[in-house]
Every structure is written in C-alpha cells, then in structure tokens.
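# would you be able to build a 3D model of this:
(2 chains)
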Amino acid sequence: AQSVAQPEDQVNVAEGNPLTVKCTYSVSGNPYLFWYVQYPNRGLQFLLKYITGDNLVKGSYGFEAEFNKSQTSFHLKKPSALVSDSALYFCAVSYRGGATNKLIFGTGTLLAVQP
Amino acid sequence: EAGVAQSPRYKIIEKRQSVAFWCNPISGHATLYWYQQILGQGPKLLIQFQNNGVVDDSQLPKDRFSAERLKGVDSTLKIQPAKLEDSAVYLCASSLAGATGELFFGEGSRLTVL
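Below is the predicted model:
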C-alpha cells in the first residue's frame, strides 16, 4: 500500500538553530514529493516540491528538502529556525493510481521554535 | 488573484442532521479536491473532480456523503445524516496540474457534530 510517514509528532528547536522535519514514503514508481505548512485555523500552504533532478530542493521562507531515493526519504530542513516557523508541517506524495495521480499526506509534525 | 473560498467556516449540528459545504476554486483550476482533516491526522482525500467529472471518490462514504461540481467551477459537499465521527475540518483545494502540481487550499470548514 502507498504510504507517507512522519515519525515525529513534534519537533522542538531553539530559534537560530537548524531544524529537520523527517518524512519517509512507500510508493511504487517515481513519486512527486511535497511539503505543506499549516498555521492555526488556516488551510495548508505549499512550501516546495520534488519532481526530478537535483536532490536538494529549495522552497518558500528559506526551507529546503533533500530527496534520498535509497532511503525513500524527503526531509525538510532550514539552516536557522525562526519563532514564526512554528506550525504544523505535512509531507505529501503524489503517485500514479489507476487513471489519475493521487496525493496522500502524512500525519503531520508540529514544529515548535522556542525564542 | 483570489484564493480558494469556502463557507461556512464553522458549523455545529446534532447527529443525524444534514450539512452542506461550499467551495469556489481559483479561476481556471480544472481539478478540485475535498479533503477531510480529523484532529491530529493528516488530510484524507474524499473526492477529486476534473472539471465536472469525478476522477476519484474511493474514500468517500457514499452512504452519507455526496459531492457535486455541476458546471465545473464551484462545488458542494453534503453530509446526510451526520455522525459524531464526521467532526472534522473539511478542506477544499484546487490545482492546475492535477495531483502532480501545487494544490491551493481554502481555509476549511470546521464541522462539530454533537
């Protein structure tokens, strides 16, 4: 079965420190990978995506993600965290399912950045 | 450019009552999605439309949920009768390129079933 896993319910990091939010996936074929962020009482906002090419993808607000095919991972990273980065982060994978592409989400990781 | 519009933002109903949610996607977006997000979980796809046709409704509980997108623009999602476990945020999203591209989400409609 196709799946996306975010092994950490919450990640705590001090402001100014680097952050990593983990994501692994299990899909057949070549997936498209995404990160979305959700602020309280808001919809999800797109951060970045990987389709093909360079394994390091840069996105909005200084975030980047590294695709690792052998480990089937797509971890989200930022060199220096800000308090305003505190939010819920979702990893998602798009795969071919029948006649259409399907997008499934992980369970989310709450990022808490302490001042 | 206007974003994805959803209404109502909040709805409280008794179990066995009915409720309807409305979504207006970004202009020109052919693909429209309804997701259910239960507290503490990731969004789960209920139904995906391409223009006014359904391309995926495999996870839609068809005995109580229905959705339509009659003119290929706005869409409504209906629940009848509602159960306690339907309490969730219902997210509408739209995209240009199907599920391989960026999805644009509305702010969601929070349903509480008592």
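
# neighbours of residue 46, just the number please.
Since no chain was named, I'll use chain A. Using other C-beta atoms under 10 Å in any protein chain shown, residue A:46 has 18 neighbouring residues. (Each C-beta comes from the backbone N, C-alpha and C, glycine too.)

# wrong chain, I was asking about chain B
20.

# just to check, residue B:18 is in contact with residue B:86?
No. Residue B:18 lies out of contact with residue B:86 (C-beta atoms under 8 Å); the separation is 10.9 Å.

# so who does the residue nearest to residue A:94 when sequence neighbours are not counted touch?
Nearest residue to residue A:94, sequence neighbours excluded (C-beta to C-beta, 6 or more residues apart in numbering or on different chains): residue A:32, at 4.0 Å. By C-beta atoms under 8 Å, 6 or more residues apart in numbering or on different chains, the contact list for residue A:32 reads A:49-51, A:93-95, A:101, B:99-100.

# gap between residue A:32 and residue A:18?
26 Å (C-beta to C-beta, to the nearest Å).

# which residue ranges of chain A form strands?
A:3-5, A:10-14, A:19-21, A:24-26, A:32-38, A:44-50, A:56-58, A:64-68, A:73-78, A:87-97, A:100-105, A:109-114 (DSSP state E).

# elements contacting the second one?
It stands for strand A:10-14. strand A:19-21, strand A:109-114 (3 or more C-beta pairs under 8 Å, 6 or more residues apart in numbering or on different chains; DSSP states H and E).

# how far is it from where the chain is centred?
How far strand A:10-14 lies from its chain's middle: 15 Å, per C-alpha atoms, centre = their mean, to the nearest Å.

# run through who's touching that strand.
Outside strand A:10-14, the residues that reach it (C-beta under 8 Å, 6+ apart) are A:19-21, A:81, A:109-114.

# and it, average pLDDT?
Mean per-residue pLDDT for strand A:10-14: 98.

# can you point out the buried residues in that strand?
A:11, A:13 (16 or more other C-beta atoms under 10 Å in any protein chain shown).

# which residues touch residue B:22?
Applying C-beta under 8 Å, 6+ apart, the residues near residue B:22 are B:6-7, B:74-76.

# so residue B:99 makes contact with residue A:94?
Yes. Counting by C-beta under 8 Å, residue A:94 is a contact partner of residue B:99 at 4.6 Å.

# return every residue with contacts to both of those two.
Residues within reach of residue B:99 and of residue A:94 at once, by C-beta under 8 Å, 6+ apart, are A:32, A:101-103.

# ok so, going back, out of the strands of chain A, nearest to residue B:28?
Nearest of the strands of chain A to residue B:28, taken as C-beta to C-beta: strand A:44-50 at 17.1 Å.

# quick one: distance of that closest one to the chain centre.
Taking mean C-alpha positions (C-alpha atoms, centre = their mean), strand A:44-50 and its chain are 8 Å apart.
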